[in-house]
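Visitor: any chance you can model this:
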Amino acid sequence: MTTKKKIAELEEIEEIEEEARNRFFETARKVLLAGIGAVALAQDEIEDFVNRLVERGEIAEKDARKLVKEVTEKRARRAEKELDKRVEELLDRLNVPSKGDIEQLTHKINTLTHKIDELKKSQA
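Guide: This is a model prediction of the structure:
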């Protein structure tokens, strides 16, 4: 295989990687936005519920603020875990390579680029 063909193949691989990255980031963005929307909706519902308890005198306002804070923090931890799980599942379904896979490919590309540079120098 000639040096020009190798360079062309490397450029094609780089273009494919860039397209995959763009698709991944757009999908991840949509997942994150959906997660944020769900958390915001849940937060509003929690606050409304606790405010009704305060209005009915079933809970003190100070206790209500503390309760909202505790519930919010607990929900945030759960939401984060669930979001992580869904992102991992999404990456798996999209057949997106892991960080380790990308690092290996990057290393191989760097090695090939170095070899191509050496071939260019030896032909000059």
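Visitor: list the buried ones in the helix or strand containing residue 83?
Guide: Assigned by DSSP states H and E, residue 83 belongs to helix 61-93. Buried residues in helix 61-93, counted by 16 or more other C-beta atoms under 10 Å: 64, 67, 68, 71, 83, 87. Heads up, the C-betas are built off the backbone N, CA and C, glycines and all.
Visitor: got the buried residues for whichever helix or strand comes after that helix?
Guide: The helix or strand immediately downstream of helix 61-93 is helix 99-123, counting by DSSP H and E. By 16+ other C-beta under 10 Å, helix 99-123 has no buried positions at all.
Visitor: need the residues that contact helix 99-123.
Guide: 3, 6, 7, 10, 13, 14, 17, 97 (C-beta atoms under 8 Å, 6 or more residues apart in numbering).
Visitor: again, only using 6 Å
Guide: 3, 6 (C-beta atoms under 6 Å, 6 or more residues apart in numbering).
Visitor: can we start the residue count at 330 from this point?
Guide: In the new numbering, first residue 330, that becomes helix 428-452.
Visitor: any idea of the mean pLDDT in that helix?
Guide: Across helix 428-452, the average pLDDT comes to 90.
Visitor: coming back round to it: turn the buried residues of helix 390-422 into a markdown table, including distance to residue 375 and pLDDT.
Guide: Shown next, in a markdown table, are the buried residues of helix 390-422 (distance: C-beta to C-beta, whole Å; pLDDT from 0 to 100):
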| residue | distance to residue 375 | pLDDT |
| --- | --- | --- |
| 393 | 10 | 79 |
| 396 | 9 | 81 |
| 397 | 6 | 80 |
| 400 | 5 | 81 |
| 412 | 18 | 77 |
| 416 | 24 | 77 |
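Visitor: which helices and strands sit right next to the helix ranked longest in the chain?
Guide: Secondary structure of the chain read by DSSP state H shows that its longest helix is helix 332-384. Secondary structure elements in contact with helix 332-384, counted by 3 or more C-beta pairs under 6 Å, 6 or more residues apart in numbering; DSSP states H and E, are helix 390-422.
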